[in-house]
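**Q** got a structure for you, letters missing:
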């Protein structure tokens, strides 16, 4: 595992689509959210989408990002990340996103690595652009909607409540809000069964099975391997990954101003991230995370967009984005905030034409 250095790439622009917030306390009062979980998690609100599919939300987030982008030429690559159902069976949402937003005949691929899908897409996009001198920009969208009957956002998993929404980033050589100094991806497949029903494989989704039971999968893993083994692997995977990114960027982790980690609940945040990284909650985006919930694979980009919007970041600061997904995989990217005001609106993008394909 080695971080990628000297990418000469920028996070040109960031955009989001965030649906209305639902009170976590109301969910407790309605019997949907266990009060003990609420006390541990510390969420105030969770975002819930009632109608739009994840792919439709991704287009809205992408449109918001492109509206403030410096790069206005063709987009060489489109990647769409997600962790759950995208609204259609046997379908390619990435090509839908490309058709709706930028057109062209360049590649459009879906990235599925659970909650690490967005960050994994960032690594893949950076490598794609770096591999070809003539490649100038890549658009990444990430979106999820965690709805019944397949997923119970309040109870399917422990230590986290799942929210709906989308985020998008345009990666380019043109400049932007932050320079990408280094990116690293790694995995520990020995943890794969933590998120799997080890008793069976199915030929197709079973609608009669009820909501996904990630709690049950994890409980079975813990009975077999034990919590100490889980914690040791998670901490080692996280520390090794971020150390590689910092080393490639030639930046000491002590000099990192902000750590944008997944929007897990407060107790899980403490033992999975704050303790192994040796940081305080004030260096994270918890103040925003507790107001929106866990957006699947979009947390890091959404939190970055919030900090940019509120003017929290200043030129020269270092921001470490950390993605973690069941499987288990980690991707981290170290950014340096660039000087200059956030642009208001970019020139209109060239019109594109749709087409047919396979």
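**A** Arrived safely. None of the values given here were measured: they were computed from a predicted structure.
**Q** So residue 46 is in contact with residue 28, correct?
**A** No: with contacts counted by CB atoms under 8 Å, residue 46 stays clear of residue 28, the gap being 11.6 Å. C-beta: built from backbone N, CA, C; applies to glycine.
**Q** neighbour-wise, which of the two wins?
**A** residue 46 (26 against 17; other CB atoms under 10 Å).
**Q** That one should be in a strand, yeah?
**A** Yes: counting by DSSP: H, G, I helix; E, B strand; the rest coil, residue 46 is found in a strand.
**Q** Tell me the bridge partners for it.
**A** Applying DSSP bridges to residue 46 gives these bridge partners: residue 22.
**Q** next one: residue 137
**A** Applying DSSP bridges, one finds that residue 137 bridges with residue 172.
**Q** and if you look at residue 143?
**A** residue 166.
**Q** ok, it touching residue 49?
**A** No: with contact defined as CB under 8 Å, residue 143 does not reach residue 49; the gap is 9.4 Å.
**Q** what residues are shared contacts of those two?
**A** Common neighbours of residue 143 and residue 49 (criterion: CB atoms under 8 Å, 6 or more residues apart in numbering): 57, 165.
**Q** how about the helices of the stretch 101-250 of the chain, start to end?
**A** Assigned by DSSP state H, counting those that start in this stretch, the stretch 101-250 of the chain shows helices spanning 117-131, 214-225, 227-249.
**Q** which parts of stretch 127-134 are buried?
**A** By 16 or more other CB atoms under 10 Å, the buried positions in stretch 127-134 come out as 128-130.
**Q** Summarise which helices and strands the longest strand along the chain is packed against.
**A** Selection of the longest strand in the chain by residue count, based on DSSP state E, yields strand 4-17. Counting contacts by 3 or more CB pairs under 8 Å, 6 or more residues apart in numbering; DSSP states H and E, strand 4-17 is packed against helix 54-67, helix 117-131, strand 165-172, strand 178-187, helix 227-249, helix 299-310.
**Q** thinking again about what came up before, between residue 143 and residue 49, who's got more neighbours?
**A** residue 143 (37 against 22).
**Q** which residues does that one contact?
**A** Residues in contact with residue 143 (CB under 8 Å, 6+ apart) are 17, 54-55, 57-58, 61, 80, 82, 86, 165-167, 296, 298.
**Q** just residue 81 next, same as before
**A** Residue 81 touches 110-113, 117-118, 120-121, 140-142, 297-298, counting by CB under 8 Å, 6+ apart.
**Q** On the three-state scheme, it is what?
**A** Here residue 81 is recorded as strand under three-state DSSP.
**Q** For beta bridges, what are the partners of it?
**A** Bridge pairing for residue 81 - DSSP bridges - gives residue 111, residue 142.
**Q** So for it, what's the pLDDT?
**A** At residue 81, the pLDDT value in this model is 98.
**Q** What separation do you get for it and residue 167?
**A** 9 Å (CB to CB, to the nearest Å).
**Q** cool, and residue 242?
**A** On the measure of CB to CB, residue 242 and residue 167 end up 21 Å apart.
**Q** The two: who's more crowded?
**A** Per other CB under 10 Å, whichever of residue 242 and residue 167 has more neighbours is residue 167, with 32 against 23.
**Q** what's the burial count for residue 153?
**A** The tally of other residues near residue 153 (other CB under 10 Å) stands at 25.
**Q** do the same with residue 221
**A** 20.
**Q** How about residue 65?
**A** Using other CB under 10 Å, residue 65 has 24 neighbouring residues.
**Q** Just want to check the distance between it and residue 83.
**A** To residue 83, residue 65 is 20 Å away according to CB to CB.
**Q** Need the distance between the two termini of stretch 46-64.
**A** End-to-end span of stretch 46-64 (CA to CA, to the nearest Å): 21 Å.
**Q** Now it: buried residues?
**A** 46-49, 52-64.
**Q** Same question for stretch 284-293.
**A** For stretch 284-293, by 16+ other CB under 10 Å, it's 284-286, 288-293.
**Q** and what of stretch 225-244?
**A** 230, 233-235, 237-238, 241-242, 244.
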